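In: structural data only, the sequence is not supplied:
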């Protein structure tokens, strides 16, 4: 069971903020202050310094007029400067995670879940749901297009619409360069039962997720790096009301997310969850879109307790707002 879904976010277009970039190092003591109208860097202690050199040029460009495989999403080419020290100052220098979304080499309709063991490379084929997988709804408990066994890898796949419940991982798995053109229920869900399991997402991107992109239901660690998203509720959410709860951990690095966006990650510190963010560019975002903290439950609905990193359960460095 997953927590209740939010309403469909307004519109299916990316909002592009321009004219300024601010870097926030939020390893501890970060505030939810709005830094509109100026550029520069903010230390964890709250001091503001002049504009960093890295913010002199635009850091992102976006074209999402069409949710086709050829949709173009461009970001900056510099690298994020992450710091593990609460007193360090972040710099506004995001790294590009992709320049152009891949063009589909063909289209395959799946009417039943495709089970993957070992490695499946789709060679940039676009997969869409058909039959019971093709109603295009946002309903809970849909079947996925792909189900990955423990240790499996899914690579170079484009998931079109309808996308059903995307991808399910039953244990440790890797998603490499997987692209969701229009997220269905969730893009991918991490299940399994072992505290040592790891789900790794490397490269790829997602658009139009009314609730969340990545759902973490089992225990273990979720790694997201070199990823981009546009028009999503949450990039990552640790289950807020699963009947069986676990301590879950998420590591996010070098991602670019373009508003609309509610929060980059959502975790349940009361259940032992942790989040470590080391480099993220939020286009059209603010400090309130970085990390949401909830009181997780096993029934009913979770309660949000904070909308900024607390420096304990959620550590964030190298965050850039544009």
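Out: Arrived safely, thanks for sending. From a predicted model like this one, the values you see are computed outputs, not experimental measurements. Numbering: from 1, shown residues only.
In: residues contacting residue 142?
Out: Residue 142 makes contacts with 133, 164-165, 184-185, as judged by CB atoms under 8 Å, 6 or more residues apart in numbering. Glycine gets a C-beta too; all of them are placed from N, C-alpha and C.
In: now it: how far from residue 100?
Out: Remark: distance between residue 142 and residue 100 (CB to CB, to the nearest Å) = 30 Å.
In: what of residue 230?
Out: Using CB to CB, one gets 14 Å for the distance from residue 230 to residue 100.
In: out of those two, which sits in the more crowded spot?
Out: Between residue 230 and residue 100, residue 230 has the larger neighbour count (other CB atoms under 10 Å), namely 26 against 11.
In: contacts only, for the nearest residue to residue 105 once chain neighbours are set aside.
Out: Excluding its sequence neighbours, the residue lying closest to residue 105 (CB to CB, 6 or more residues apart in numbering) is residue 124, at 4.8 Å. Counting by CB under 8 Å, 6+ apart, residue 124 touches 69, 102-105, 156-158.
In: of these - the most surrounded one?
Out: Busiest of the contacts of residue 124 [other CB under 10 Å] is residue 157, holding 27 neighbours.
In: what residues are up against that one?
Out: Taking CB under 8 Å, 6+ apart, one finds 120, 122, 124-125, 127, 146, 177-179 in contact with residue 157.
In: for it, list each beta-bridge partner.
Out: residue 125, residue 178 (DSSP bridges).
In: go on, residue 168?
Out: Beta-bridge partners of residue 168, as defined by DSSP bridges: residue 147, residue 189.
In: and for residue 276?
Out: Here residue 276, judged by DSSP bridges, has bridge partners residue 251, residue 315.
In: tell me how many other residues crowd it.
Out: 21.
In: hmm, back to that, which two among the contacts of residue 124 are spaced furthest apart?
Out: Taking CB to CB as the measure, these span a maximum distance of 13.5 Å, between 103 and 157.
In: still on that earlier bit, only the buried subset of the contacts of residue 157, as a PyMOL command please.
Out: Here the buried members of these are turned into a PyMOL selection, burial being counted by 16 or more other CB atoms under 10 Å:
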select buried, resi 120+122+124+127+146+177+178+179
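In: nearest to residue 249, of the contacts of residue 157?
Out: Of the contacts of residue 157, the one sitting nearest to residue 249 (CB to CB) turns out to be residue 178, at 21.3 Å.
In: so who does that closest one touch?
Out: By CB under 8 Å, 6+ apart, residue 178 lies in contact with 154-159, 167, 188, 201, 203-204.
In: how many residues are close by residue 202?
Out: The number of residues near residue 202, taken as other CB under 10 Å, comes to 16.
In: please name the nearest non-neighbouring residue to it.
Out: Per CB to CB, 6+ apart, closest to residue 202 is residue 176, 5.0 Å.
In: so who does that neighbour touch?
Out: 153-156, 202-204.
In: the same query, at a cut-off of 7 Å, please.
Out: 153, 155, 202-203 (CB atoms under 7 Å, 6 or more residues apart in numbering).
In: mind checking which of those land in strands?
Out: Among those, the members found in strands (DSSP state E) are 153, 155, 202.
In: of all those residues, which comes closest to residue 263?
Out: residue 202 (21.9 Å).
In: pLDDT score assigned to that closest one?
Out: What the model reports as pLDDT for residue 202 is 98.
In: what's residue 270 sitting at in phi/psi?
Out: As for residue 270, its main-chain torsions (degrees, to the nearest 10) stand at phi -70, psi -20.
In: burial check on it, number of neighbours?
Out: 16.
In: buried sites along stretch 179-196?
Out: Applying 16+ other CB under 10 Å to stretch 179-196 flags 179-192 as buried.
In: which of the residues you listed has the weakest pLDDT?
Out: residue 184 (78).
In: helix or strand for the residue nearest to residue 202, which one?
Out: strand 173-180 (DSSP states H and E).
In: list the residues that contact residue 247.
Out: 219, 271-273 are the contacts of residue 247 under CB under 7 Å, 6+ apart.
In: run through the chain and note the low-pLDDT ranges.
Out: 1-99, 136-140 (pLDDT under 70).
In: again, 50 this time
Out: 1-96 (pLDDT under 50).
In: got a list of what residue 219 touches?
Out: Residue 219 neighbours (CB under 7 Å, 6+ apart): 193-195, 246-248.
In: doesn't residue 210 lie inside a strand?
Out: Yes: under DSSP: H, G, I helix; E, B strand; the rest coil, residue 210 sits within a strand.
In: can you give me the neighbour number for it?
Out: For residue 210, the neighbour count with other CB under 10 Å is 18.
In: so it sits right up against residue 233, yeah?
Out: Yes: contact criterion CB atoms under 7 Å: residue 210 and residue 233 qualify, at 6.0 Å.
In: and what about residue 288, helix, strand or coil?
Out: Applying three-state DSSP: residue 288 is helix.
In: next one: it from residue 222, what distance?
Out: From residue 288 to residue 222 the distance is 22 Å (CB to CB).
In: in terms of neighbours, single out the busier of the two.
Out: Between residue 288 and residue 222, residue 222 has the larger neighbour count (other CB under 10 Å), namely 25 against 15.
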